[in-house]
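Asks: I would like to see how this sequence folds:
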Amino acid sequence: MQKASGKKGYSLGRRLVLIGALLAFMILLPVLWHPAEEIMQSETADLNELATQAVKPIAAKPEKEPPKSVPVEAAAVAKGPLTERVTAVGSIRSDESVVISSEIAGRIIDIHFKEGRPVERGAPLITLDDSVYQAELHQAEAKRLLAEQSNQRVTELFTRKIASASSRDEAESNLAVSNAAMELAKAHIEKTKIVAPFAGIVGLRQVSVGEYITPGQALVGLDAIDPIKVDFKVPEKYLPTVHTGQSIEIKVDAYPNETFKGEVYAIDPRVDIEGRSIFIRARVPNDDQKLRPGQFARVTLIHQVKPDALTVPEAAIVPMGEDQFVFKVVDGKALLSRVSIGTRREGRVELVEGVAAGELVITAGQLKIRDGAAVTVVPAQEPKA
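Replies: Sure, this is the predicted structure:
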């Protein structure tokens, strides 16, 4: 009985071990079998790809693309007259100017002018009291009459050998002194009448009727302002080409929209040692008397007129260090050329050398190109409002 139960337990344990081994194998089988399948599939795909590449024809190597053309704006080198101008600042001054004063002392008895009004040359301005000088004149006339009579008597006596030669000479001398005294009195009387030395406009008077004035005291100003003068300076480098007869244009703040034209008539022979400049004076017609002495003026000197100057827009200039260049358009390519510049005027630059009339120079797009680059000229773009 015990032996039979022992066999039965052994058989059951053996079955359980077999079942467990079977379950473990079934669980591990998919894991162990899957990588091998993938490897087979990968190797198969690689073989297929190699076979396909072996059959595929070799593609042709693409050719190098030509360089792209850069769009630029350009303008032709213009040939024509160019006016070289020199700008300066100046001051307007009267053509003639004086401060009226008296040569003698006296009391004012009359003023004949109205302030700020024009007067003619020789017109009376101020009259001084001349009563003292009239009395001196009468006294001198009386002395002259007596000296003349005395001279006649002495001369008659001298001819009759009664008077001496010295007596005659003394009588003649007394007569001459009397004549001089009478002329002096007349001169004093004449100087009591102060007149305009030239035609002009009188200013504001500094005295009144009844005032006692002294010699040299300022009474009133007188200015001639038609034509009017303009004084200005230019650098000494213009000395070889500045000359009388050159035209000028001036502008003043009082009339900003008007230009007044004149002409150089005098150049100071000395160069200003402080500013190394040339002092120039010009005359400007002033019929309407708009210009007044003391005004500040912006002067433009018409220095030189070049009939065949070559000019380009300022935008065409490419500075490189101390040199200036432009890009020319030659056979569809940009050619960098060194140039020498001259006068700058109103957005244009004169080129002294380096270009010829009619050549195209690039005015926009220089930053996108280099020497020899292919370019295409396009119309200039209008500035946006």
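Asks: which residue ranges of the stretch 101-250 of the chain form helices?
Replies: Here the stretch 101-250 of the chain has its helices, by DSSP state H, counting those that start in this stretch, at 131-159, 165-191.
Asks: can I get these in JSON lines with mean pLDDT, distance to residue 112 and mean neighbour count?
Replies: Glycine gets a C-beta too; all of them are placed from N, C-alpha and C. Below are the helices of the stretch 101-250 of the chain laid out as JSON lines (pLDDT from 0 to 100; distance: least, C-beta to C-beta, whole Å; neighbours: other C-beta atoms under 10 Å):
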{"stretch": "helix 131-159", "mean pLDDT": "87", "distance to residue 112": "19", "mean neighbour count": "15"}
{"stretch": "helix 165-191", "mean pLDDT": "88", "distance to residue 112": "16", "mean neighbour count": "15"}
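Asks: please produce a markdown table containing the ones you listed, extended by distance to residue 353.
Replies: Output for these, formatted as a markdown table (distance: least, C-beta to C-beta, whole Å):
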| stretch | distance to residue 353 |
| --- | --- |
| helix 131-159 | 78 |
| helix 165-191 | 69 |
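Asks: of all the ones you listed, which one is nearest residue 111?
Replies: helix 165-191 (16.5 Å; C-beta to C-beta).
Asks: who does the closest one touch, helix- and strand-wise?
Replies: Judged by 3 or more C-beta pairs under 8 Å, 6 or more residues apart in numbering; DSSP states H and E, helix 165-191 is in contact with helix 131-159.
Asks: show me how far the helix it packs on is from its chain's centre.
Replies: The chain centroid and the centroid of helix 131-159 are separated by 72 Å, computed with C-alpha atoms, centre = their mean, to the nearest Å.
Asks: by contact count, what packs against it?
Replies: Checked by 3+ C-beta pairs under 8 Å, 6+ apart, helix 131-159 has helix 165-191 packed alongside it.
Asks: could I get the average pLDDT for stretch 213-221?
Replies: Stretch 213-221 shows a mean pLDDT of 95.
Asks: buried residues in that stretch, which are they?
Replies: 213, 219, 220, 221 (16 or more other C-beta atoms under 10 Å).
Asks: on that earlier part again, among the helices of the stretch 101-250 of the chain, which comes closest to residue 114?
Replies: Closest to residue 114 of those is helix 165-191 (C-beta to C-beta; 23.2 Å).
Asks: about what we covered before: TSV for the buried residues of stretch 213-221, including distance to residue 88?
Replies: Below are the buried residues of stretch 213-221 laid out as TSV (distance: C-beta to C-beta, whole Å):
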residue	distance to residue 88
213	42
219	36
220	33
221	27
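Asks: what sits up against stretch 343-356?
Replies: 77-78, 82-85, 306, 309-314, 316-317, 326, 328, 337-342, 361 (C-beta atoms under 8 Å, 6 or more residues apart in numbering).
Asks: what's the spacing between that stretch and its chain's center?
Replies: Stretch 343-356 sits 18 Å away from the centroid of its parent chain (C-alpha atoms, centre = their mean).
Asks: now stretch 183-199
Replies: Computed by C-alpha atoms, centre = their mean, the chain-centroid distance of stretch 183-199 equals 49 Å.
Asks: what's the neighbour count on residue 373?
Replies: 18 (other C-beta atoms under 10 Å).
Asks: can you give me the pLDDT of it?
Replies: Note for residue 373: predicted pLDDT of 89.
Asks: and the buried residues of stretch 213-221, which is closest to residue 70?
Replies: When the buried residues of stretch 213-221 are compared against residue 70 (criterion: C-beta to C-beta), the nearest one is residue 221, at 69.1 Å.
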